[in-house]
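Visitor: Predicted model follows, preceded by the sequence.
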Amino acid sequence: MSGASLTAESTSELPGIASISKVDSGAVRTRPHGGRRQRQRQQRWRLGSVPAPVLCLVSMLAVQLGVAASKPLFGVLGVAGATFLRISFAAVVLLAVTRPRLRGRSPRDLAMAGLLGVASAGMTLLFAGAVDRLPMGTAATIEFLGPLAVALVFARRAGHVLWAALAAAGVALLTLLGGDGGGGGLDPVGLACAFGAAACYAGYILFTDKVGAAFKGFEGLAVSFTIGTVVLAPFGAAEAVHGLAGSGSPALLLLAVAGVALLFPVLPYALEMTALRRMSQRVFSVVVSLDPAVSALVGLLVLGQVLGLPQVLGICCVVAASVGATLTARR
């Protein structure tokens with residue numbers, strides 16, 4: 001998701017719809033044992049040869065493939081159980097890699113990390129619930145209203161009302177005329193989950209600005225994912241245990257969950273951070289505005305989710321509003 005901080009540029013400028021890279025990628029503390037740092041530098045060097053927009057596209061593809069790969073797990077572990085295990089594995093990986101130090105942190109920094117963890121947990125769980133009941137493209141487009149709303153609010157230009165109206169028209173096409181691809185209406189619970197995920201996404205971006213300024217490297221992400229795991233435990237821990245106990249191959253099931261966790265969210269955040277070292281947030285935001293379209297494409301190719309014309313037009317409206325709001329933001 002150089003030593004530049006990956007935070008919002010300023011409140012007078014669009015903060016970037018895709019501030020989903022969310023944590024600061026500044027220099028890490030020097031430690032006596034340099035082997036792990038040397039391997040990380042070599043990995044960054046290899047990624048440095050890949051064009052930044054390509055890294056963004058691969059990141060988006062990894063996110064949507066991870067979401068699609070999660071759907072078969074929902075039937076075995078439940079939506080909450082699968083989400084809890086996936087975030088838990090991601091937290092373990094990030095804690096092992098970053099080994100964050102909490103000693104000396106101010107209560108404010110820890111509070112921001114906690115709020116980011118809550119927003120992350122809510123966004124992940126609600127989006128999983130939306131994808132379980134809605135086509136992926138529809139769920140991703142509605143969720144994307146969160147960062148779009150943040151971008152429009154911080155833009156502070158009257159002309160951006162037109163982009164907001166275009167996005168609203170896209171949502172109306174999706175929710176009122178889109179159907180479920182089979183002639184029926186969209187699931188109301190799925191829609192509620194998608195809009196809830198959008199609200200959490202907006203909070204995720206706002207809290208990320210603070211956490212990115214307070215923590216180095218991936219440390220803030222590791223702390224927030226750990227807190228997110230604790231937040232999700234009451235909703236998904238029992239469901240996950242029940243699913244594993246009823247499975248004929250719990251070890252293989254855990255391995256599958258671990259693979260999905262690496263596909264999303266661990267890999268995308270690493271790719272996004274690398275990309276943002278070499279491109280502006282404005283360009284990054286334009287590229288990531290294609291995320292709903294990528295989600296719809298993955299849903300079609302992987303899950304066989306065919307979208308109707310109103311759904312396609314709705315996704316195009318939201319993508320166009322996202323790109324337009326970013327490109328016309330005050331510089």
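Guide: Perfect, thanks for sending it.
Visitor: and Val257, how far is that from Val231?
Guide: Per Cβ to Cβ, to the nearest Å, Val257 is found 18 Å from Val231. C-betas here are computed from N, CA, C, even on glycine.
Visitor: between the two, who's got more neighbours?
Guide: Val257 (26 against 20; other Cβ atoms under 10 Å).
Visitor: wouldn't Leu116 be in contact with Leu206 here?
Guide: No: if you go by Cβ atoms under 8 Å, Leu116 and Leu206 don't touch, sitting 9.1 Å apart.
Visitor: quick one, helices of this protein?
Guide: 35-48, 52-77, 79-98, 107-133, 136-143, 145-155, 160-172, 188-214, 219-245, 250-261, 267-276, 281-288, 291-303, 309-327 (DSSP state H).
Visitor: Can you tell me which of those has the worst average pLDDT?
Guide: Within these, confidence is poorest for helix 35-48, with a mean of 54 (mean pLDDT).
Visitor: what's the burial count for the nearest residue to Ala214 once chain neighbours are set aside?
Guide: Of all residues not flanking Ala214 in the chain, Asp109 sits nearest, at 4.1 Å (Cβ to Cβ, 6 or more residues apart in numbering). Per other Cβ under 10 Å, the neighbour tally for Asp109 reads 18.
Visitor: re earlier: find the one among the helices of the chain with the highest mean neighbour count.
Guide: Mean neighbour count (mean count of other Cβ atoms under 10 Å) peaks for helix 136-143 among those, with a mean of 29.
Visitor: which other residues reach it?
Guide: 64, 67-68, 123, 127, 130-131, 170-171, 174-175, 178, 186, 190-191, 193-195, 197-198, 201, 291-293, 295-300, 303, 305, 307, 311, 314-315, 318 (Cβ atoms under 8 Å, 6 or more residues apart in numbering).
Visitor: now swap in stretch 230-250 and tell me
Guide: 76-78, 80-85, 87, 117-118, 121-122, 124-125, 253-254.
Visitor: Ile315 and Gly212, how far apart?
Guide: For Ile315 relative to Gly212 (Cβ to Cβ), the value is 29 Å.
Visitor: swap that for Ala258, sorry
Guide: Taken as Cβ to Cβ, the span from Ala258 to Gly212 is 27 Å.
Visitor: And the nearest residue to Leu55 once chain neighbours are set aside, how close does it get to Gly246?
Guide: Nearest residue to Leu55, sequence neighbours excluded (Cβ to Cβ, 6+ apart): Ala275, at 4.1 Å. Ala275 sits at a distance of 41 Å from Gly246 (criterion: Cβ to Cβ).
Visitor: Ok, Phe195 next?
Guide: Where Gly246 is concerned, Phe195 sits at a distance of 32 Å (Cβ to Cβ).
Visitor: same thing with Ala62?
Guide: Computed as Cβ to Cβ, the Ala62 to Gly246 distance reads 30 Å.
Visitor: cool, Ala213 as well?
Guide: In terms of Cβ to Cβ, Ala213 sits 45 Å off from Gly246.
Visitor: go on, Gly137?
Guide: Counting by Cβ to Cβ, the gap from Gly137 to Gly246 is 32 Å.
Visitor: got it, and Asp209?
Guide: Asp209 is 42 Å from Gly246, by Cβ to Cβ.
Visitor: Same check on Gly220?
Guide: 37 Å.
Visitor: Thr274 against Val54, yeah?
Guide: No: using Cβ under 8 Å, Thr274 makes no contact with Val54, being 10.7 Å away.
Visitor: Check the offset of stretch 306-319 from the chain's centre.
Guide: What separates the centre of stretch 306-319 from the centre of its chain is 21 Å, taken as Cα atoms, centre = their mean, to the nearest Å.
Visitor: Kindly report the same for stretch 160-167.
Guide: Using Cα atoms, centre = their mean, the offset of stretch 160-167 from its chain centre is 23 Å.
Visitor: hmm, who's touching that stretch?
Guide: 145, 148, 152, 317-318, 320-322, 324-325, 328.
Visitor: again, only using 7 Å
Guide: Contact with stretch 160-167 is made by 145, 148, 152, 317-318, 320-321, 324-325, as judged by Cβ atoms under 7 Å, 6 or more residues apart in numbering.
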